[in-house]
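# Got a predicted structure here, sequence first:
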Amino acid sequence: MSIQTISPKDFSAKIHSLWDKDWFLLSAGSFAEGKYNCMTIAWGWMGVIWNKPVVQVLVRPTRYTYGFMESNPDFTICAFPNQYRKALSLLGAKSGRDGDKIKESGLTPCKSTEVIAPSFVEANLVIECRKIYTDVLKPQGFLDASIESHYPLADYHKIYYGEILTLRGDPTLYSN
Ligand SMILES: Cc1cc2nc3c(=O)[nH]c(=O)nc-3n(C[C@H](O)[C@H](O)[C@H](O)COP(=O)(O)O)c2cc1C
């Protein structure tokens, strides 16, 4: 598998399936300094705001990754072939706070091209983003009462919009 740069305008995917079924790995921190973490995510989206191609991710403040998202200017999201499903499950169940879960997952972090956050050698899609907006979900804004059931600990997600600086993927899967 070789991944190539794809313009966000030419990016094509079953977007709901990509988030909800296939999942992404969100990474933040400095690869060069060896200070980073990652976690599996399934909630988020891609689109356009302020005329920029943007990814939105949502991170609960209880995640170890949250500190890295807060104190660094950028992040990456990576998708993987199905053979790495077990690794994504592990990275979404264990915390980097408790040990080297990345090593345990068998995935290989590597340098990104535009951001300090790592990407992953095994990924078939890498999206490098620069944070441009953050906010915290506010329960006053929930217009559907069932949403509150996701927050028994009141750990409302922090939202991060990341401008897509570069997107690389397997063109047979992600380009039309
Ligand atoms: C499929 C899946 C999707 C997830 N999506 C999110 C998400 O969108 N936002 C979030 O805060 N946590 C999400 N999580 C939970 C984190 O990945 C999980 O708590 C992880 O262990 C946090 O790792 P960390 O403490 O090293 O940051 C998800 C977990 C799984 C398995």
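The structure has been received and is ready for your questions.

# now the protein, which segments are flagged as low pLDDT?
Scanning the chain for pLDDT under 70 picks out nothing.

# Can you get me a residue count around whichever residue of the chain sits closest to the ligand?
Sorted by distance to the ligand under Cβ to the nearest ligand atom, the residues of the chain start with G92, at 2.7 Å. For the C-beta atoms, the positions are set from N, CA and C on the backbone; glycine is no exception. Close neighbours of G92, defined as other Cβ atoms under 10 Å, add up to 16.

# Three-state assignment for I127, please.
Per DSSP: H, G, I helix; E, B strand; the rest coil, the secondary structure class of I127 is strand.

# tell me the contacts of it?
Counting by Cβ atoms under 8 Å, 6 or more residues apart in numbering, I127 touches M46, V55, T76, I77, C78, I164, T166, L167.

# Can you get me the start-to-end distance on stretch 81-98?
Using Cα to Cα, to the nearest Å, the end-to-end distance of stretch 81-98 comes out at 27 Å.

# Please identify the buried residues of that stretch?
Y84, A87, L88, L90, L91, G92, K94, G96 (16 or more other Cβ atoms under 10 Å).

# can you list contacts of it?
Here stretch 81-98 makes contact (Cβ under 8 Å, 6+ apart) with 1, 22-23, 25, 37-41, 63-65, 80, 101-102, 104-107, 122, 124.
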